[in-house]
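# Turn this into a structure:
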Amino acid sequence: MRILDVGCGNNKYKEKGAKVYGIDIGKTPDVDKLWDGEKDRIPYPDNYFDKIVSFGAIEHIGNFKNVMEEIWRVAKPKAKVIIVVPYYRSGWAFSENHKLFFKIDSFQYLQPNHYGNWDYKARFNITKNKLDMIMDDKSHVRFLRIFNPVINLPIIKILFCELLSHIIIPQKLYFELETVK
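Below is the predicted model:
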């Protein structure tokens, strides 16, 4: 299995039995190839990866279309794509080098047959989208994770995002997508 870690930085994804390739804009020991998501093609061939992950990286790239079309291009049909980004109301979303903001429905536009998506070649099915109350396991407010099962119930998730997320603010979003080719 070949896995691509988009924006791996100093901490490339690991999965037993898989060959993981790391790309990022700057060179670190974990970066296999340099990639500028604003304008470059991902330096791998079409339909190459079984799985693609990106943890806290694509919000740094303003060219969402290039990022998603390149992820789609290098992913095999039905490849799993996992993306974790800060929730748009989270304090983490407002880092000085973040260029994009994400909501729970940010990837719906890329689904097959979604109205208005003719500008994109990339198509993905959303297999999972979740809110998470804490940014990482080192957080001092880990107890907030007890809300996760409730706020991620289908009808509650929509109501929570629309009505309560400005009071009780989720910290990140987790998406699982499947490439459609």
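# Next, the buried residues of the biggest strand by length in the chain.
Secondary structure of the chain read by DSSP state E shows that its longest strand is strand 75-86. Buried residues in strand 75-86, counted by 16 or more other C-beta atoms under 10 Å: 75-76, 79-86. C-beta: built from backbone N, CA, C; applies to glycine.
# Out of the residues you listed, give me the two with the largest separation.
Spanning the widest gap among the buried residues of strand 75-86 are K76 and P86, at 28.3 Å by C-beta to C-beta.
# low-scoring pLDDT stretches of this protein, where are they?
Applying pLDDT under 70 to the chain flags the ranges 136-142.
# residue closest to the middle of it?
I83 (2.0 Å; C-alpha atoms, centre = their mean).
# I'd like to know how far that residue sits from F147.
Using C-beta to C-beta, to the nearest Å, I83 is found at 22 Å from F147.
# Kindly report the same for D40.
Between D40 and F147 the distance is 39 Å, computed by C-beta to C-beta.
# ok, back up a step: need the residues that contact the helix or strand following the longest strand of the chain.
The helix or strand immediately downstream of strand 75-86 is strand 124-132, counting by DSSP states H and E. With contact meaning C-beta atoms under 8 Å, 6 or more residues apart in numbering, strand 124-132 is reached by 68, 72, 80-81, 87, 104-105, 107-108, 110-112, 145, 148, 151-152, 157, 160-161, 165, 170-180.
# And for stretch 59-66?
7, 37-40, 58, 67, 85-86, 93, 97-102, 119-120.
# Endpoint to endpoint, that stretch covers what distance?
By C-alpha to C-alpha, to the nearest Å, the extent of stretch 59-66 from end to end equals 13 Å.
# Equivalent analysis for stretch 83-103, please.
End-to-end distance of stretch 83-103: 12 Å, with C-alpha to C-alpha as the criterion.
# The longest strand of the chain: partners in the sheet, and parallel or antiparallel?
Here strand 75-86 is paired, per DSSP bridges, with strand 49-55 (parallel), strand 172-179 (antiparallel).
# In CSV, list those strands along with distance to K33 and mean neighbour count.
Listed next are the strands paired with strand 75-86 as CSV, based on distance: least, C-beta to C-beta, whole Å; neighbours: other C-beta atoms under 10 Å:
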stretch, distance to K33, mean neighbour count
strand 49-55, 13, 21
strand 172-179, 21, 20
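# what's around W118, how many residues?
7 (other C-beta atoms under 10 Å).
# where's it relative to L110, distance?
12 Å.
# coming back round to it: make CSV out of the strands paired with strand 75-86 and add distance to R2.
Converted to CSV, those look like this (distance: least, C-beta to C-beta, whole Å):
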stretch, distance to R2
strand 49-55, 5
strand 172-179, 14
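# just curious, which of the buried residues of strand 75-86 is nearest to R2?
K76 (8.7 Å).
# so what's S165 up against?
87, 89, 131.
# Format those residues as a markdown table; extra columns: neighbour count and distance to D50.
Listed next are the contacts of S165 as a markdown table, based on neighbours: other C-beta atoms under 10 Å; distance: C-beta to C-beta, whole Å:
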| residue | neighbour count | distance to D50 |
| --- | --- | --- |
| Y87 | 23 | 28 |
| R89 | 17 | 34 |
| L131 | 21 | 27 |
